[in-house]
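Here's my sequence, what's the structure:
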Amino acid sequence: MNPTCPLLAAPPLQVTPRVSLLHCFLLASSTLSPVMPPCADEWAVVERRGPHLWASGRPFVVHGFNTYWLMYFAADAATRPAVTAAIAEAAGAGLNVCRTWAFNDGGHRALQIRPFSYDEEVFQALDFVISEARKHKMRLILSLCNNWDDYGGKAQYVRWGKDAGLDLTSDDDSSLIQQSRATTKLLLRAVLTRINTITNEAYKDDPTILAWELINEPRCPSDPSGDMLQVWIEEMASYVKSIDQVHLLEIGVEGFYGPSTPELLCVNPDDYSGHVGTDFIRNHRALGIDLASVHVYSDTWLPHSVEENHLQFVKSWMQQHIDDAANLLGMPILIGEFGVSLKDGKFGSEFRETFMKTVYNIFLSSWKSEVLGGGCLVWQLFPESAEHMDDGYAVIFAKSPSTLNLLANHSRSLEC
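Numbering: from 1, shown residues only. Coordinates of the predicted model:
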């Protein structure tokens with residue numbers, strides 16, 4: 001199992017009762033501007049039919065984006081308008097799915113304050129995100145925990161484990177993982193069964209949510225066999241499906257091939273990638289997994305900046321995963337993150353757009369030939385008011401007219 005979602009044995013569920021100005025604001029705003037969901041026929045749940053996605057009796061293709069901080073921003077009245085702006089501007093460009101975090105463990109504006117204790121004010125912020133997405137006919141992929149240290153991640157669970165008296169030797173320590181399962185499941189249940197205070201609908205019943213993601217970019221390098229992470233994926237996937245049989249489920253892996261397919265290790269960007277405890281084929285054969293998740297970051301995975309080599313890698317990386325998703329797994333593919341950073345000057349905006357077109361065209365070719373469905377989500381799109389959050393990958397709506405035009409053109413190419 002991956003160490004990201006750990007902790008101790010479970011006392012009764014606690015939610016810190018901070019019925020605050022935020023709750024009053026959300027109730028007032030919902031009164032002034034009521035949620036107007038699409039009619040049931042328009043807003044049916046997205047379902048999987050073999051390697052394709054369908055909704056309301058027609059094919060559904062993910063044309064998506066990542067904006068990870070929506071819940072975090074919604075928890076503060078000063079930053080909440082950026083949430084609406086991000087969703088509305090993306091919808092205006094023709095995008096239909098947003099992937100965002102439904103976790104924040106410890107620290108500022110935390111959803112999970114400590115093991116088994118959740119902040120009601122932050123939960124109401126997540127309610128707001130979902131209701132705003134619904135207003136703009138934007139589906140959501142909600143990621144439930146993080147492999148990395150941002151917004152808590154495994155580092156926070158290690159701190160909690162040590163506070164509980166565990167003698168931990170590493171972030172991947174098996175004792176932490178064993179002790180974590182009850183806490184992880186309680187967190188999953190708290191989110192999935194949450195009743196939205198604005199829409200009055202349980203998350204597990206809301207068609208606004210396209211899919212749950214178990215964990216963002218899991219790795220477990222202390223166990224390169226992949227056994228530890230595989231057990232965790234199987235257990236958590238089964239648990240999610242025991243609560244929610246409506247929504248799709250994906251893992252959130254980057255797509256590295258592992259020991260179960262030694263003949264495909266050469267497809268990975270480097271030798272290390274095959275020893276980080278993930279295994280694309282084996283992981284996605286776990287019962288309950290509906291979508292094959294892949295990320296594309298040649299700018300950080302490859303050691304050089306030869307643009308043509310990067311594009312060639314993207315083509316081979318994506319095509320191999322598309323073929324395997326269709327022929328070995330029989331499920332849609334979800335390019336959950338892809339992008340190019342402009343931060344260090346290694347690449348420019350022109351190459352980033354070429355990179356994006358390459359990703360879209362490879363997927364389009366497979367979709368139009370009816371090989372499989374799914375779609376792609378760029379990392380990441382921001383309104384101008386959130387520019388200070390840019391990690392180098394952000395496309396700022398107001399400053400990127402040619403990129404927005406590219407997104408709109410891709411949207412038109414997906415029209416059935």
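
so where's the stretch 1-150 of the chain shaky on pLDDT?
1-41 (pLDDT under 70).

all strands for it, in order.
Secondary structure of the stretch 1-150 of the chain by DSSP state E, counting those that start in this stretch: the strands cover 14-16, 47-49, 52-55, 58-59, 62-66, 97-101, 112-114, 117-119, 139-143.

so which of these comes closest to residue 372?
Residue 372 lies closest to strand 52-55 among the strands of the stretch 1-150 of the chain, at 6.7 Å (C-beta to C-beta). Placement of C-beta: from N, CA and C, glycine included.

can you list contacts of the closest one?
44-48, 59-62, 207, 332, 372-375 (C-beta atoms under 8 Å, 6 or more residues apart in numbering).

and that strand, which strands flank it?
strand 47-49 (antiparallel), strand 58-59 (antiparallel) (DSSP bridges).

so of these, which one's packed in deepest?
Mean neighbours per residue, mean count of other C-beta atoms under 10 Å, is largest over those for strand 47-49, with a mean of 15.

Centre of the chain to that one, how far?
From the chain centre to the centre of strand 47-49 is a distance of 19 Å (C-alpha atoms, centre = their mean, to the nearest Å).

quick one, strands of the stretch 251-400 of the chain?
292-296, 333-338, 374-379, 381-382, 395-396.

count of residues packed around residue 258?
26 (other C-beta atoms under 10 Å).

scratch that, residue 387 is what I was asking about
Residue 387, neighbours per other C-beta under 10 Å, totals 14.

Please name the spatially closest residue to residue 224 (chain neighbours excluded).
residue 275 (4.1 Å; C-beta to C-beta, 6 or more residues apart in numbering).

wouldn't the one you found be in contact with residue 221 here?
Yes: judged on C-beta atoms under 8 Å, residue 275 makes contact with residue 221 at a distance of 6.7 Å.

who has more neighbours, the two?
Neighbours per residue (other C-beta under 10 Å) separate residue 275 from residue 221, with residue 275 holding more: 19 against 13.

And that one, how far from residue 219?
10 Å (C-beta to C-beta, to the nearest Å).

Same check on residue 133?
29 Å.

Surely residue 317 and residue 297 touch.
No: in terms of C-beta under 8 Å, residue 317 does not count as a neighbour of residue 297; the distance is 10.0 Å.

quick one, which of these two is more surrounded?
More crowded of residue 317 and residue 297, by other C-beta under 10 Å: residue 317, with 22 against 18.

Just list the residues touching the more buried one, thanks.
Here residue 317 is in contact with 255, 267, 269, 294, 296, 298 (C-beta under 8 Å, 6+ apart).

from those, which is closest to residue 322?
residue 294 (8.9 Å).

sorry, back to before: please identify which of the strands of the stretch 251-400 of the chain is closest to residue 198.
Using C-beta to C-beta, the strands of the stretch 251-400 of the chain put strand 381-382 closest to residue 198, at 23.7 Å.

which other helices and strands contact that closest one?
Packing contacts for strand 381-382, counted by 3 or more C-beta pairs under 8 Å, 6 or more residues apart in numbering; DSSP states H and E, involve helix 80-92, strand 395-396.

can you do 7 Å?
Here strand 381-382 touches helix 80-92, going by 3 or more C-beta pairs under 7 Å, 6 or more residues apart in numbering; DSSP states H and E.

Give the buried residues for the helix it packs on.
For helix 80-92, burial by neighbour count (16 or more other C-beta atoms under 10 Å) applies to 80, 82, 83, 84, 85, 86, 87, 89, 90, 91.

chain center to it, what's the gap?
The mean C-alpha position of helix 80-92 is separated from the chain mean by 18 Å, C-alpha atoms, centre = their mean.

Would you mind getting the angle between that helix and strand 97-101?
150 degrees (axes from the mean of the first three to the mean of the last three C-alpha atoms, to 10 degrees).

the inter-axis angle of helix 80-92 versus strand 374-379?
Using the same axes, to 10 degrees: helix 80-92 against strand 374-379 is 140 degrees.

what's in contact with helix 80-92?
65, 67, 70, 73-74, 98, 128-129, 132-133, 136-138, 381-383, 385-386, 397 (C-beta atoms under 7 Å, 6 or more residues apart in numbering).

Now, those residues that are in helices?
Under the assignment DSSP state H, those contribute 70, 73, 74, 128, 129, 132, 133 to helices.
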